[in-house]
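Colleague: starting from these lines, generate the structure:
(one chain, ligands or ions: 2)
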Amino acid sequence: MGYTQGLVCRECGAKYDLAPLHVCEACFGPLEVSYDYDAIRASISREEIERGPQTVWRYRKLLPVEDEPIVDLQTGCTPLIRADNLGRELGLRNLYIKNDTVNPTFSFKDRPVTVAATRARAFGFSTIACASTGNLAAAVAAHAAKANMRCVVFIPDNLEPSKIVNIAVYGPTVVGIRGGYDDVNRLCAEIADRYGWAFVNINLRPYYAEGSKTLAFEVAEQLGWRAPDAVVVPTASGALFTRIARGFQELADVGLISRATPRMGLAQAAGCSPIVSAYEADSLTIRPVKPSTIAKSLAIGNPADGYYCLKTIKETNGFAGSVSDEEIVDGMRLLARTEGIFAETAGGVSIGVLKKAALAGQLDPDETVVVYVTGNGLKTPEAVAEHARITLTINANMQEFESSMSEHSLLEPVPA
Ligand SMILES: Cc1ncc(COP(=O)(O)O)c(C=O)c1O
Ligand SMILES: [Zn+2]
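Modeller: Ligands and ions are numbered 1, 2, ... in the order given. Okay, the predicted model is just below:
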């Protein structure tokens, strides 16, 4: 058996059985999974986790499943990389990158979806669905393929071509909606109400969101069982941001780390930054916006967890920042050039906001900082295409090679 106790309303505390529900019938507050932390504390240990699978399922006791078989693409246990080159450029001596570009469908979304798909199958659903800015749809389609479930995904019809391939190849029905993510989401909420489909980020949202806690669990374990001092998280709906904070808190609550939450830094694209705007206005009220940014995966104008993100920033003494499209491209190139990691536009948002926070003195040079890079660069190659060309083209002869190399000063010794 698992350690889940049911669902609980975040606002009024009303309790529900584990079911495909996401809003409280009494007050419309969001429902969350509750756990028996005393029982978990009594049975969990670092050693047991370290002996577990090299996937998110090593943290099974802190995930909302019981005995059912997992829908498993071996997600998680992605590298935490010490980023000395990037750190040197930014004046940060203990900078780490959580490289979540290398998950099965090339974004962190495999984490929430392995949990949601597992629950969807256990609840008896035969059709799995989602409202997506692109990455979620790929993760849902791949897990549906593995679980032999019917799959229908809904996306804005103007996504990057590579993202559409990355979704459609798994064989789902892909519905392109004329409009942005907020239109997609509105329609999907209606469909979820009317048809018995498992929308991972709507009626299964409480379970889905829990999967992202593993991005905190892994970082703490990889740092030798401690929380970093500060993190930077790319944010759209806010599920990822709030669950990373929760993940660190839970590890402290069950006695696996001594001190909990790092300062939580929230990163958005300037062309879609409703949470950053509220933060800058010192308000807890989100004013929805109409997104316009190359970071399409983060283009959610009305973020479901925006209010809770703002509370988390306050509670952790965190910060929030946004970057322009140009700064996003610069961030992608800086990361690739310094650390050899090719991230999508959302990664450019993370790196851009990290850079701004470092330059503004919001990060201490000696503290441990983790920046989350959550999607692969091959999903959005057009963002950097104009800077990523063949350097020169020559005929296959030594003379041309030598004259062109000396023009580029490449035959001289590499300076020490
Ligand atoms: C690559 C990437 N990073 C971050 C996010 C933000 O996730 P959330 O909507 O949970 O804030 C998304 C959302 O789609 C994403 O695709
Ligand atoms: Zn309630």
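Colleague: so which bits of the stretch 251-400 of the chain are right by ligand 1?
Modeller: Contact residues (CB under 6 Å from any ligand atom) of the stretch 251-400 of the chain with ligand 1: 297-298, 344, 346, 374-375. Every residue, glycine included, has its C-beta placed from N, CA and C.
Colleague: ok, of those, which one's closest to D282?
Modeller: Comparing those against D282 with CB to CB places L298 closest, at 22.8 Å.
Colleague: can you count the residues close to that closest one?
Modeller: Using other CB atoms under 10 Å, L298 has 29 neighbouring residues.
Colleague: need the contact list for it.
Modeller: L298 is in contact with 133, 234-236, 268-269, 272, 345-346, 349, counting by CB atoms under 8 Å, 6 or more residues apart in numbering.
Colleague: ok, it to V219 distance?
Modeller: Computed with CB to CB, to the nearest Å, the distance linking L298 and V219 is 21 Å.
Colleague: now V113
Modeller: 20 Å.
Colleague: higher neighbour count, these two?
Modeller: Counted by other CB under 10 Å, V113 and V219 do not tie: V113 has more neighbours, with 35 against 24.
Colleague: extract the residue ranges of the protein that are flagged as low pLDDT.
Modeller: 1 (pLDDT under 70).
Colleague: quick check: residues of it near ligand 2?
Modeller: Neighbours of ligand 2 within the chain, by CB under 5 Å from the ion: 9, 11-12, 14, 24, 26-27, 29.
Colleague: make CSV out of the residues you listed and add neighbour count and secondary structure.
Modeller: Below are the residues of the chain next to ligand 2 laid out as CSV (neighbours: other CB atoms under 10 Å; DSSP: H, G, I helix; E, B strand; the rest coil):
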residue, neighbour count, secondary structure
C9, 19, strand
E11, 13, coil
C12, 11, coil
A14, 14, coil
C24, 20, coil
A26, 11, coil
C27, 12, coil
G29, 15, coil
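Colleague: quick one: classify A144 as helix, strand or coil.
Modeller: helix (DSSP: H, G, I helix; E, B strand; the rest coil).
Colleague: so the residue lying closest to it once chain neighbours are set aside bridges to which residues?
Modeller: Distances taken as CB to CB, 6 or more residues apart in numbering put C151 closest to A144, at 3.5 Å, once the chain neighbours are dropped. Bridge pairing for C151 (DSSP bridges) gives the partners I128.
Colleague: C151 contacts A142, correct?
Modeller: No - the pair C151 and A142 fails to qualify as a contact (CB atoms under 8 Å) at a distance of 9.2 Å.
Colleague: which one of these two is surrounded by more residues?
Modeller: The residue with more neighbours, out of C151 and A142, is A142; 29 against 25, by other CB under 10 Å.
Colleague: which residues touch that one?
Modeller: 73, 104-105, 110, 170 are the contacts of A142 under CB under 8 Å, 6+ apart.
Colleague: from those residues, which two are the most distant?
Modeller: Greatest spacing in the contacts of A142, by CB to CB: D110 and Y170 (12.2 Å).
Colleague: check the secondary structure at V370 for me.
Modeller: strand.
Colleague: you'd agree it is up against K98?
Modeller: Yes - the criterion here is CB under 8 Å, and V370 meets it with K98 at 5.7 Å.
Colleague: overlap of the contact sets of the two?
Modeller: Contacts common to V370 and K98, judged by CB under 8 Å, 6+ apart, are 80, 219.
Colleague: what about D110 and Y170, which has more around it?
Modeller: D110 (29 against 20).
Colleague: which residues are in contact with the more buried one?
Modeller: Contacts for D110 were tallied using CB under 8 Å, 6+ apart; they are 73, 75-76, 103-104, 139, 142-143.
Colleague: which SSE is whatever residue of the stretch 101-250 of the chain ends up closest to ligand 2 in?
Modeller: Closest approach between the stretch 101-250 of the chain and ligand 2, counting by CB to the ion: P206, at 12.9 Å. Element membership for P206 (DSSP states H and E) is helix 205-210.
Colleague: residues in contact with that helix: which ones?
Modeller: Contacts to helix 205-210, defined as CB under 8 Å, 6+ apart, come from residues 7, 21-22, 30-33, 63-64, 112-113, 115-116, 119, 200-201, 239, 242-243, 304.
Colleague: with just CA atoms, put that helix into CSV.
Modeller: C-alpha atoms of helix 205-210 as CSV (Å, rounded to 0.1, in the frame of the first residue of the first chain):
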residue,chain,number,x,y,z
ARG,A,205,-4.1,17.6,-11.7
PRO,A,206,-3.6,16.7,-8.0
TYR,A,207,-1.7,13.5,-9.0
TYR,A,208,0.0,15.1,-12.1
ALA,A,209,1.5,18.0,-10.1
GLU,A,210,3.0,15.6,-7.5
